[in-house]
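In: Just a sequence and a predicted model for now, questions to come.
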Amino acid sequence: MYICIYVYISNLKSDICAAELSQAGWSVLVIEKGNYYHESELTSHVPTEYKNIYLQGGSFANCKGDINVFEGSTFGSATVISFLDSLKFSDNLDKVYKRIGATTEGIKHIIPNRILIDGCNRKSHEYDWCLTGCKDGIKNGTSTSWLRTAAQNGAHLVGQAKFNRAIIVDGNATGVEFRINNSDQIIRLNSFRTVISAGSLRTQEVLFKSGLKDKSIGQNLRFHPLMVAYGFFDNSQTNPFEGSIMIAISGSIENLYGEYYRSKLVVLHHTTDIFIFGTSWQGQKEHKEAILKFRQSSSVPALVRDKDSKENVGYKKDDKISISYEISKIVLRNNSYCRMGVSPDTSATKPTGDTWETRNLYVCNASLFATTSGVNPIVTTEPIALHVADSIIQTANLN
Ligand SMILES: Cc1cc2nc3c(=O)[nH]c(=O)nc-3n(C[C@H](O)[C@H](O)[C@H](O)COP(=O)(O)OP(=O)(O)OC[C@H]3O[C@@H](n4cnc5c(N)ncnc54)[C@H](O)[C@@H]3O)c2cc1C
C-alpha cells in the first residue's frame, strides 16, 4: 500500500488533492500544523479564535510595521477565516463553485453595500463574524467541503503535526518527516507522492529544508494588499459586523491605466478589532470619538493587484516568521512564491505542479500562481489544485 503524504491539509489545495486522490482509490495522509475544529466548536469569540485558527495568533506586522498580514492555521486554513468571496471569471469554475456552494441566493445587504451598489450601479448569505470561522456551517471552506470528501474516502488526517521535510533520495521524494505536538520524536514514513501545500509563506521553507536549491523557489512573493478608507454616517447605523460579508464589488477604477493593476473596491465586513487598528491616530479625543462611532462606520477597502514589490521572508527558531515587504509604488493575501511555469529558469515547478528539481514532489497552493491574480484567489487556487491532483493521477497511471 502506498502512502501519499499531503502536507498542510489546511490550505485549499491539499484538501482538494486529498479529496481527488482518495476518491481515485489512493491512500492519503494529510499533515496539518494547526488543529481541526468542527463548525459547532467555533465560538465567534475574537481573541479565542485568533489564537486557535490564525497563524501567530492573529495579524502580524512586517518589519517596518506598515502592513499587517493575516494567515490561517487550521484544517481548512484561510478558507475558514476568509470571506470566501468568489468572483466567477470563467465557466470552467463550475466544479469548484458546485463543491463550495457559491451562490448569490440569500444575500442580505447592509447599508454600505447598498450604497456601493447604488453608487456604482453594478452588482457583484448571511454570515456574521465569519472572520473567526462560520459556526453555522454555511461557509464552505475546504475543511467543510473537500476535506470531508477526503475523510469519507479513507484519507487519514493528522492535526497539530509539523511537517519538517520531504525525504529525498537520488533526486526522488521517497518519504516525509514530521513531528506531532512539538514532541522530540520524529516520525518518518515512506510516500509514493509527496505534496507540499504549506501556504505561500511556508512552502518554500519546507522545500529548502528538504534540500532543494532551485533559485526560483522563494522568488516573486506577491500579496493582495488591502488599503482601507473609513467614513462615518451622521444619522444611520450601518452595523458593519452584521449581514452577508463582502458581497458588493466595483471594478470601476481597476483598469484606470490599461493594465488592470489598479484597485477593486469592496465593502469590508468587519469587527471592532479590525476597525480599531485600522483607524488612524489623530489624537486621544479624536480616536475615542471615532471608536464610539463604530456602528455608524463604513469602510471601502481598495483591493490592489500587487506588482514590482520587494520582499523577503525570514524564518525564526521559534517557528515565527518575519516579513520585510516594500509595496510597489504602483500600488493581503499572498501567492507566487513557488510559481509554476514552462521553464526551470523562471519557475519552481512544471505546469503539472511537480518541482523541476525533484521527482514525485509536488507543490499545491497559491504559491504556484505565475503572478498575483488581482482577484480574490480561492476560486483560482481550487481549480489549480484539481489540475495538480489530476496530473498526479495521470502520471501514476502512465508509470
Ligand atoms: C482574512 C482573510 C480573508 C480572505 N478572504 C478571501 C475571500 O473572500 N476570497 C478569496 O478568494 N480569498 C480570500 N482570502 C485568501 C485565501 O483564503 C488564501 O489565498 C488561500 O487560503 C491560500 O491558500 P493556500 O493553500 O496557499 O494556503 P493557506 O490557506 O495559508 O494554508 C496553509 C496551511 O499550511 C499549514 N502549515 C504551514 N506550515 C506547516 C508545517 N510545517 N506543517 C504542517 N502544516 C503547515 C498552516 O497551518 C495552514 O493551515 C482571504 C485570506 C484571509 C487571511
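Out: Cool, got the structure. Since we're looking at a predicted model, the values are computed, not measured.

In: His287 in helix, strand or coil?
Out: When classified by DSSP: H, G, I helix; E, B strand; the rest coil, His287 comes out as helix.

In: Same check on Ser280?
Out: Of the three states, Ser280 takes coil under three-state DSSP.

In: ok, it to the ligand distance?
Out: With distances taken as C-beta to the nearest ligand atom, to the nearest Å, Ser280 is found 21 Å from the ligand. Just so you know, the C-beta spots here come from the backbone N, C-alpha and C atoms, and that holds for glycine as well.

In: do the same with Ser367
Out: Going from Ser367 to the ligand by C-beta to the nearest ligand atom gives 6 Å.

In: need the helices for the stretch 151-300 of the chain, in chain order.
Out: Secondary structure of the stretch 151-300 of the chain (DSSP state H, counting those that start in this stretch): helices at 199-209, 272-278, 284-292.

In: just these: most buried one?
Out: Compared across the helices of the stretch 151-300 of the chain, helix 199-209 shows the largest average neighbour count, a mean of 22 (mean count of other C-beta atoms under 10 Å).

In: Put the alpha carbons of that helix into PDB.
Out: Written as PDB, here are the backbone C-alpha positions of helix 199-209 (Å, rounded to 0.1, in the frame of the first residue of the first chain):
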ATOM      1  CA  GLY A 199       0.700  28.200   2.100                       C
ATOM      2  CA  SER A 200       2.600  30.800   0.300                       C
ATOM      3  CA  LEU A 201       4.700  31.900   3.200                       C
ATOM      4  CA  ARG A 202       5.800  28.400   4.400                       C
ATOM      5  CA  THR A 203       6.000  26.200   1.300                       C
ATOM      6  CA  GLN A 204       9.400  27.500   0.300                       C
ATOM      7  CA  GLU A 205      10.800  27.000   3.900                       C
ATOM      8  CA  VAL A 206       9.800  23.300   3.700                       C
ATOM      9  CA  LEU A 207      11.300  22.900   0.200                       C
ATOM     10  CA  PHE A 208      14.600  24.400   1.400                       C
ATOM     11  CA  LYS A 209      14.600  22.200   4.500                       C
END
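
In: near the ligand at all, it?
Out: Yes. Shown here: helix 199-209 in contact with the ligand (C-beta under 6 Å from any ligand atom) through Gly199, Ser200, Arg202, Val206.

In: Of the helices of the stretch 151-300 of the chain, which shows the lowest average pLDDT?
Out: Per-stretch mean pLDDT for the helices of the stretch 151-300 of the chain is lowest at helix 272-278 (a mean of 81).

In: Can you list the helices and strands that that one packs against?
Out: strand 226-232, helix 284-292, strand 297-304 (3 or more C-beta pairs under 8 Å, 6 or more residues apart in numbering; DSSP states H and E).

In: which other residues reach the longest one?
Out: Same thing as helix 284-292. Under the criterion C-beta atoms under 8 Å, 6 or more residues apart in numbering, residues Tyr230, Phe232, Thr272, Phe275, Ile276, Thr279, Trp281, Gln282 lie in contact with helix 284-292.

In: tell me the angle of it relative to strand 297-304?
Out: 90 degrees (axes from the mean of the first three to the mean of the last three C-alpha atoms, to 10 degrees).

In: ok, now the first one?
Out: Relative orientation of strand 226-232 with respect to strand 297-304: 160 degrees, computed using the same axes, to 10 degrees.

In: Tell me the strands beside strand 226-232, with direction?
Out: Sheet pairing for strand 226-232, assigned by DSSP bridges, gives strand 297-304 (antiparallel).

In: Give the next helix or strand downstream of the strand it pairs with.
Out: strand 310-315 (DSSP states H and E).

In: buried sites along that next one?
Out: Buried residues in strand 310-315, counted by 16 or more other C-beta atoms under 10 Å: Glu311, Val313.

In: Report the strands that pair with the helix or strand following it, each with its relative direction.
Out: Where DSSP H and E defines the elements, the next helix or strand beyond strand 310-315 is strand 321-326. Strand 321-326 pairs in its sheet with strand 310-315 (antiparallel), by DSSP bridges.

In: Please see if the partner strand touches the ligand.
Out: No. Against the ligand, strand 310-315 shows no contacts by C-beta under 6 Å from any ligand atom, the least distance being 10.2 Å.

In: tell me how far that strand is from the chain's mean position?
Out: Taking the mean of its C-alpha atoms, strand 310-315 sits 18 Å from the chain's own mean (C-alpha atoms, centre = their mean, to the nearest Å).

In: Okay then, goodbye and thanks.
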